[in-house]
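> Sequence and predicted structure below; questions after.
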Amino acid sequence: MWKKLAVLWTLLRSDALQLWRALRHPLQPRWLKPAAALLVLYLLSPIDLLPDFIPLLGVVDDLVLIPLAVRYMLRRLPAAVRADIARGQRY
C-alpha cells in the first residue's frame, strides 16, 4: 500500500500541488471537493476496478486512473482558477 502511494506521489507531485491549490482557491467550482474526496476514497478503497491481487494489473489501474482523473479535474477548472494556480498564488 505505501509503495503504491509513493509511486503515485512521484507521478503526481506537480498535479497534486495544483489540485491542492485549486481546492483552497475561493473561486473553486462546487464539484471539485466532492470529486477530490471520491478520488481519495477510490485510492484508499480495497475495491478497485482491477483487484490488487492480480500481479501487475492491480497496481497499474491505480497508476493510470488516478493521474488521468486528476488531470481531467484540473482541465475542467475555470480559466481564472487555472491562471491563479499557474502563477503560484496561495490561498
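On my side now, so go ahead.
> Pull out the buried positions in the longest helix anywhere in the chain.
Criterion DSSP state H: the longest helix present in the chain is helix 2-24. By neighbour count on 16 or more other Cβ atoms under 10 Å, the buried set for helix 2-24 is 8, 12, 18-19, 21-22. C-betas here are computed from N, CA, C, even on glycine.
> Among those residues, which one lies nearest to Asp62?
Leu8 (6.8 Å; Cβ to Cβ).
> and the nearest residue to the closest one once chain neighbours are set aside, how far is that from Val81?
Spatial nearest neighbour of Leu8, excluding adjacent residues (Cβ to Cβ, 6 or more residues apart in numbering): Ile66 at 5.9 Å. Applying Cβ to Cβ, to the nearest Å, the value for Ile66 to Val81 is 21 Å.
> Chain neighbours aside, what residue packs nearest to the residue nearest the centre of the chain?
Against the mean C-alpha coordinate of the chain, by Cα atoms, centre = their mean, the closest residue is Val70 at 3.6 Å. Nearest residue to Val70, sequence neighbours excluded (Cβ to Cβ, 6+ apart): Asp15, at 4.8 Å.
> Quick check: that neighbour touching Met73?
No - under the criterion of Cβ atoms under 8 Å, Asp15 is not in contact with Met73, lying 9.2 Å apart.
> that older thread, name the nearest of the buried residues of helix 2-24 relative to Val60.
For these, the nearest to Val60 is Leu8 (11.7 Å; Cβ to Cβ).
> what ranges do the helices span in the chain?
Counting by DSSP H, the helices of the chain are 2-24, 32-44, 57-75, 79-87.
> Now do the last one: everything it contacts.
Read it as helix 79-87. 18, 21-22, 25, 27-29, 74, 77 (Cβ atoms under 8 Å, 6 or more residues apart in numbering).
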